[in-house]
Structure formats: structure tokens, C-alpha cells
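**Q** coords please:
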Amino acid sequence: MTQLTEHFTKEEFDCKCGCGNGDVVIDEKLVYELECVRVHYGKSMVITSGIRCLSHNRKIGSRDTSSHIKGLAADISCKDMGHRLDLVKRLLRDGEFTRLGVNRDFIHVDVDYDKPKGIFLY
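**A** Here you go, the predicted structure:
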């Protein structure tokens, strides 16, 4: 395992299809911001999706403009609405993230400055 920060490894962000990510690496700012959130949150955060190759991204029905393809996004697992609320509050508290997507099972965060700031729904 390759440790990126105290709480996150490179492998947590690798494409789930096992392709090896090609030339794409997970963005350092994204990982740094997630680490800051994790430290203040005080609880584990499970990354369900980080980098996605175009093939895998299409297979799961995501758009070709996804920030995951560029290594600028991560999805964090949510177990229930209380967990989701705590995580959203922490993600927004210090301005670490200004772009979030909320899904029943996960929260999407990214540092893609080519996209509008705000909260979107899946």
C-alpha cells in the first residue's frame, strides 16, 4: 500500500476496474482537503470511487465530463442520513470543498474548477 496521507492510501483512489489508472493520478489538493476533513471529522471515511478510466466511467453510466476521469473527484460512503448530515457539515465547515454531490449511498466531492460551485443531487 502506498500511503498518501496519514489516513488515505493511493489504492483507495485507484479505478475499481483494476486498469491501473493509465497516466491519471489522484489530485494532491483533493487528497489534502480530504485528509483535513478526516482529521477534524475524527471518524473513518471510506472512498468508494476515486479515479475512473473512461471505460469504467461509461460502464457505470457516468458522463464523459466526470471529474473522476481527471483524478479530481472522490465519492465517500454514507451509511444513513445521520452519517450523511455529519459528513456534509464537516465537508462544508471550513470551506475545504465548494462542490458536492449528494446521493443516498455516497457524497461526491471534487476540486474541478472548470465546474460550477454548489451542491447537486443524484
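
**Q** nearest the geometric middle of the chain, what residue?
**A** In the chain, the residue lying closest to the centroid (C-alpha atoms, centre = their mean) is Ala74, at 1.3 Å.

**Q** pretty sure it sits against Lys29.
**A** No - when contacts are counted by C-beta atoms under 8 Å, Ala74 is not listed as touching Lys29 (11.7 Å). Where you see a C-beta, it was placed from the backbone N, CA and C, and this is true even at glycine.

**Q** now do the shared contacts for these two.
**A** Residues touching both Ala74 and Lys29 by C-beta atoms under 8 Å, 6 or more residues apart in numbering: none at all.

**Q** spatially nearest residue to Ile26, not counting backbone neighbours?
**A** Phe13 (4.1 Å; C-beta to C-beta, 6 or more residues apart in numbering).

**Q** let's see the pLDDT reported for the one you found.
**A** Reported pLDDT at Phe13 in the predicted model: 98.

**Q** ramachandran coordinates for it?
**A** Phe13 adopts backbone torsions of phi -100, psi -10, taken as degrees, to the nearest 10.

**Q** same question for Ala74.
**A** In terms of degrees, to the nearest 10, the main-chain angles of Ala74 are phi -150, psi 150.

**Q** check contacts around the residue nearest to the centre of the chain.
**A** Neighbour list for Ala74: 13, 26, 30, 34, 47, 49-50, 68, 108-110 [criterion: C-beta under 8 Å, 6+ apart].

**Q** what is it paired to in the beta sheet?
**A** Beta-bridge pairing of Ala74, defined through DSSP bridges, involves Val109.

**Q** ok, it to Arg99 distance?
**A** Per C-beta to C-beta, to the nearest Å, Ala74 is found 12 Å from Arg99.

**Q** overlap in contacts, the two.
**A** 109-110.

**Q** number of residues surrounding the residue lying closest to Cys17 once chain neighbours are set aside?
**A** Leaving out its chain neighbours, the residue that sits closest to Cys17 by C-beta to C-beta, 6+ apart is His56, at 4.0 Å. The criterion is other C-beta atoms under 10 Å. On that basis, His56 has 18 neighbouring residues.

**Q** please consider this matter closed, and thank you.
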